[in-house]
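Novice: below is the sequence, then the predicted model.
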Amino acid sequence: MNIAEEAVDRWVERGRGDRVALRCIDRAGRCDAVTYRQLMEDTNRFANVLRAHGVEAGDRVFLLLDRGRALCTSALGTWKHRSVLGPLFPDFGPDPVRERISTGNGRVLVTTRELYRRRVAPVRDSLPGLELILLVGEAADVRRSGEPIPGAVDLAEALAAADPAYAIGPTDPEDLATLHFTSGTTGRPKAAMHVHGAVTAHRSSGQIALGLGPGAIFWCTADPGWVTGTTYGIISPLANGATVVVDQGAFDVERWYSILEREHVSVWYTTPTALRMLHQAGREGLGDHDLAALRLVASVGEPLDADTVRWTQEAWGTPAHDGWWQTETGGIMIANVAGEPVIPGSIGRPLPGVVATVLARDDRADADGAPLVLDGHVVEVTDPDVEGHLALRPGFPSMFRGYLDEERRYRACFVDGWYVTGDLVRRDAQGAYWFVGRADDVIKTSGHLVGPFEVEAALRSHPAVADAAVVGVPHPVAGTVIKAYVALRPGHSPSEELRRDLRGFARSRLGPAIAPRSFEFVDELPKTSSGKTIRRVLRLHALQGADAPLVTSGAAS
């Protein structure tokens with residue numbers, strides 16, 4: 001079972017090669033349509049380029065590219081050759097790039113000359129195992145004068161000379177396919193190992209949670225440098241025979257609405273941050289754009305607040321579907337699935353085949369909120385609306401197979417036959433799950449355990465607030481109190497009056513025990529490129545004091 005065969009070649013073998021697989025939009029708005037047959041030949045050529053340069057099955061191939069045809073071709077061609085893919089986010093600085101390539105024992109890098117110059121050249125001397133650089137770009141750009149790049153090959157020329165036929169070698173479903181690095185929102189990034197057999201879960205979750213299938217026109221805005229952009233930006237929609245929209249451009253209200261309308265996007269997968277920014281733009285941002293083709297909007301990256309769900313229903317005629325998964329699960333585990341009523345504010349219910357539960361917390365001081373274990377067994381929560389650890393039964397195909405070179409860290413994720421996700425949830429009487437927060441983000445204040453998402457969702461419902469995040473800060477009496485960082489909507493300015501209003505609003509919505517004690521206004525919150533708030537940056541800033549600069553640009557690095 002090979003990911004590339006399941007995603008591309010089988011459609012050609014079934015006589016569907018003339019269907020459009022990719023619609024690649026460059027920054028200028030030009031669109032390049034690629035059929036499944038063309039994509040098969042492109043990926044065959046790439047696999048043959050790897051073979052011609054002595055790259056073998058199991059060798060690590062890293063991609064440092066902007067979204068586009070070259071990235072999709074390189075990823076699928078790597079899997080086709082049974083090499084191991086390592087996607088990198090192109091906005092990473094040199095140190096994160098070095099750390100990931102070094103950790104993953106990268107032998108091959110596919111990138112552009114400019115990205116190489118800015119991201120790789122400063123650290124190339126510390127990457128002795130990096131032998132082959134496949135440069136994407138026009139030949140004139142690749143050959144232009146400048147510092148020579150050791151081991152560089154013009155990929156366009158190599159592809160043109162390569163055979164368009166390629167026979168995929170025997171691929172065991174358990175063969176390593178991808179190294180997905182966690183986003184590092186709470187600590188050092190880890191390399192989660194995923195296998196070719198994961199494609200079965202990618203296909204089925206795309207059908208069930210996103211409504212994907214032949215005829216769907218699908219747009220995932222996540223960068224393939226992250227697990228979402230690879231799994232649901234490339235594999236899942238292609239494995240379901242859909243047409244995938246790939247946009248090189250950055251977020252822009254008019255551009256995004258134009259793409260949704262012009263490309264007749266029927267299924268859209270994006271982030272809560274993007275949805276809130278579109279909400280902020282309001283009806284004026286939507287203008288006269290016709291979104292009649294849009295039948296499903298889904299959200300990924302962070303929990304989606306109920307107010308934004310209700311707004312998408314009002315503005316677009318379809319409510320955004322929230323769900324839950326993480327790098328380690330490799331695919332969507334819990335969701336408001338396609339074809340079912342959306343529960344605003346809930347992450348939904350487990351997908352078929354996924355066994356989930358809530359484990360009781362051990363709230364003793366020395367346990368630091370770990371799952372409660374009695375006589376060697378965890379304690380499951382049976383009453384509704386009790387907060388606890390979200391846990392899954394291992395065994396589903398997209399489950400990660402370990403952290404590269406960190407076996408002890410991997411084993412620590414499992415307790416009494418359950419994979420403990422590190423997230424806290426509650427389950428209501430109807431079996432729907434509600435996200436509370438990361439276990440290490442939960443704030444203990446005055447004897448209360450407070451999940452940041454609940455507080456942040458309440459703050460975002462204030463008419464002046466565009467985005468918010470909360471962290472715990474030391475307090476001599478309460479031990480820890482809650483501090484809120486707030487980004488304002490246009491037309492609102494920081495003031496003591498607004499600070500008092502927010503404090504009163506939060507107390508009325510949440511109660512005085514949970515409401516933030518202090519508020520700091522910021523232009524923007526530190527986030528990863530996938531839209532996740534990096535609370536460790538906020539915690540550090542809170543400890544340093546209000547006079548310290550808050551670093552938001554490049555925070556993901």
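Specialist: Looks like it came in fine. Everything numeric here is computed off the predicted structure, so don't read it as measured data.
Novice: correct me, but R499 touches P516?
Specialist: No. If you go by C-beta atoms under 8 Å, R499 and P516 don't touch, sitting 10.2 Å apart. (C-beta placed from N, C-alpha, C; glycine too.)
Novice: so these two - more neighbours on which side?
Specialist: P516 (27 against 16; other C-beta atoms under 10 Å).
Novice: residues contacting that one?
Specialist: For P516, the contact set (C-beta atoms under 8 Å, 6 or more residues apart in numbering) comprises 455, 459, 470, 481-484, 503, 506.
Novice: for these, give me a markdown table that also has distance to N105 and pLDDT.
Specialist: Shown next, in a markdown table, are the contacts of P516 (distance: C-beta to C-beta, whole Å; pLDDT from 0 to 100):
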| residue | distance to N105 | pLDDT |
| --- | --- | --- |
| V455 | 42 | 87 |
| L459 | 44 | 93 |
| V470 | 39 | 92 |
| V481 | 45 | 86 |
| I482 | 43 | 91 |
| K483 | 41 | 94 |
| A484 | 43 | 94 |
| R503 | 52 | 93 |
| A506 | 49 | 90 |
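Novice: from the residues you listed, which land in helices?
Specialist: Residues of these located in helices (DSSP state H): 455, 459, 503, 506.
Novice: closest to L294 out of those residues?
Specialist: Proximity of these to L294 was ranked by C-beta to C-beta; the top entry is L459 with 28.7 Å.
Novice: any idea how far V342 is from G215?
Specialist: Distance of V342 to G215, computed by C-beta to C-beta, to the nearest Å: 23 Å.
Novice: between these two, who's got more neighbours?
Specialist: Just comparing V342 and G215: by other C-beta under 10 Å the higher neighbour count belongs to V342, 22 against 11.
Novice: tell me the pLDDT at the more buried one?
Specialist: pLDDT for V342: 97.
Novice: next up, the contacts around it.
Specialist: For V342, the contact set (C-beta under 8 Å, 6+ apart) comprises 309, 319-322, 336.
Novice: for the stretch 451-557 of the chain, which spans come out with low pLDDT?
Specialist: Counting by pLDDT under 70, the stretch 451-557 of the chain contains low-confidence ranges at 477-479, 529-530, 546-548, 551-557.
Novice: go again using 90 as the cut-off
Specialist: In the predicted model of the stretch 451-557 of the chain, residues 451-458, 461, 472-481, 507-515, 526-537, 539-557 satisfy pLDDT under 90.
Novice: do I have it right that T112 meets L134?
Specialist: No. Using C-beta under 8 Å, T112 is not in contact with L134; the gap is 10.2 Å.
Novice: neighbour count winner among those two?
Specialist: Counted by other C-beta under 10 Å, T112 and L134 do not tie: L134 has more neighbours, with 25 against 20.
Novice: secondary structure element for that one?
Specialist: Element membership for L134, per DSSP states H and E: strand 132-136.
Novice: which residue ranges of the stretch 101-250 of the chain form helices?
Specialist: Here the stretch 101-250 of the chain has its helices, by DSSP state H, counting those that start in this stretch, at 113-115, 139-143, 155-161, 199-210, 227-230, 236-239.
Novice: across the sheet, point out what pairs with L296.
Specialist: When assigned by DSSP bridges, L296 has beta-bridge partners V267.
Novice: separation between it and Q313?
Specialist: 12 Å.
Novice: for the two, indicate the residue with more neighbours.
Specialist: Neighbours per residue, other C-beta under 10 Å: of L296 and Q313, the larger number sits with L296, 22 against 15.
Novice: what sits against that one?
Specialist: 210-211, 266-268, 318, 321, 338.
Novice: distance of it relative to L510?
Specialist: 32 Å.
Novice: same check on R255?
Specialist: Relative to L510, R255 is positioned 37 Å away (C-beta to C-beta).
Novice: neighbours of G15, how many?
Specialist: Neighbours of G15 (other C-beta under 10 Å): 8.
Novice: what ranges do the helices span in the stretch 251-400 of the chain?
Specialist: With DSSP H, counting those that start in this stretch, the ranges of helices along the stretch 251-400 of the chain come out as 253-262, 272-286, 306-316.
Novice: can you check what angle separates the second one from helix 306-316?
Specialist: To tie it back to what came earlier, the one meant is helix 272-286. Going by axes from the mean of the first three to the mean of the last three C-alpha atoms, to 10 degrees, helix 272-286 is angled at 30 degrees with respect to helix 306-316.
Novice: which residues touch helix 272-286?
Specialist: Contacts of helix 272-286 (C-beta under 8 Å, 6+ apart): 221, 251, 253-254, 256-257, 297, 299, 301-305, 308, 311-312, 315-316, 320, 460, 466-467, 489-490, 527, 531.
Novice: ok, 6 Å please
Specialist: Helix 272-286 is contacted by residues 253, 299, 302, 304, 308, 311, 320, 466, 489, 531 when judged by C-beta atoms under 6 Å, 6 or more residues apart in numbering.
Novice: and the first one, how far is that from T528?
Specialist: In this case it means V253. To T528, V253 is 21 Å away according to C-beta to C-beta.
Novice: worst-scoring helix or strand of this protein, pLDDT-wise?
Specialist: When the helices and strands of the chain are scored by mean pLDDT, DSSP states H and E, helix 139-143 comes last with a mean of 55.
Novice: can you dump the C-alpha coordinates of stretch 36-49 into CSV?
Specialist: Extracted in CSV, the C-alpha atoms of stretch 36-49 (Å, rounded to 0.1, in the frame of the first residue of the first chain):
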residue,chain,number,x,y,z
TYR,A,36,-4.4,13.1,-12.6
ARG,A,37,-2.6,11.6,-15.6
GLN,A,38,-0.2,14.6,-15.7
LEU,A,39,0.3,14.3,-12.0
MET,A,40,1.1,10.6,-12.3
GLU,A,41,3.8,11.4,-15.0
ASP,A,42,5.2,14.3,-13.0
THR,A,43,5.6,12.1,-9.9
ASN,A,44,7.0,9.2,-11.9
ARG,A,45,9.7,11.6,-13.3
PHE,A,46,10.5,12.8,-9.8
ALA,A,47,10.8,9.3,-8.5
ASN,A,48,13.2,8.5,-11.4
VAL,A,49,15.3,11.6,-10.6
